[in-house]
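**Q** quick one: sequence and predicted model below, then my questions.
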Amino acid sequence: MKLTIEPTRIIELVNGRPARLWRGRTESGLSVDVFTAAVGSADPAAWAELERDLIEISRDQPPEEIAQLVAGRADVHFIPHP
């Protein structure tokens, strides 16, 4: 199965951890919702570009909304980007 997904501004707790909602479609056109707590790449050369893109997405999310999700949680750390 292949998915094409795009990030939203929505962050929810999934299994007790903050996760961003990404929405998209399968190859056959079915709508999907994907919650991600982390995104990475096996290609070290891609990290810089991936990090820039993810920081840009995070700038769209009000930090106070994320901070409220993790308030008082010793096992979850939110590091806001400048």
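**A** Sure, I can see it.
**Q** quick one: terminal-to-terminal distance for stretch 10-22?
**A** 8 Å (Cα to Cα, to the nearest Å).
**Q** now the residue nearest the centre of the chain: how far from Pro44?
**A** For the chain, Arg20 is the residue whose C-alpha lies nearest the centre (Cα atoms, centre = their mean; 3.7 Å). Using Cβ to Cβ, to the nearest Å, Arg20 is found at 23 Å from Pro44. For glycine as for every other residue, the C-beta is placed from the backbone atoms N, C-alpha and C.
**Q** do the same with Leu13
**A** 31 Å.
**Q** coming back round to it: beta partners for the residue nearest to the centre of the chain?
**A** Ile11, Thr36 (DSSP bridges).
**Q** show the contacting residues for it.
**A** Counting by Cβ atoms under 8 Å, 6 or more residues apart in numbering, Arg20 makes contact with 7-8, 10-11, 35-37, 57, 61.
**Q** quick one: least confident helix or strand in this structure?
**A** Here the helix or strand of the chain ranked lowest by mean pLDDT, DSSP states H and E is helix 63-70, holding a mean of 61.
**Q** circling back: got a quick ChimeraX command for the buried subset of the contacts of Arg20?
**A** In ChimeraX, this line selects whichever of the contacts of Arg20 come out buried by 16 or more other Cβ atoms under 10 Å:
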select :7,11,35,57,61
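**Q** turn the contacts of Arg20 into TSV, columns for pLDDT and distance to Leu50.
**A** Listed next are these as TSV, based on pLDDT from 0 to 100; distance: Cβ to Cβ, whole Å:
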residue	pLDDT	distance to Leu50
Pro7	86	12
Thr8	83	18
Ile10	81	21
Ile11	81	19
Phe35	91	18
Thr36	88	13
Ala37	84	15
Ile57	73	11
Gln61	61	17
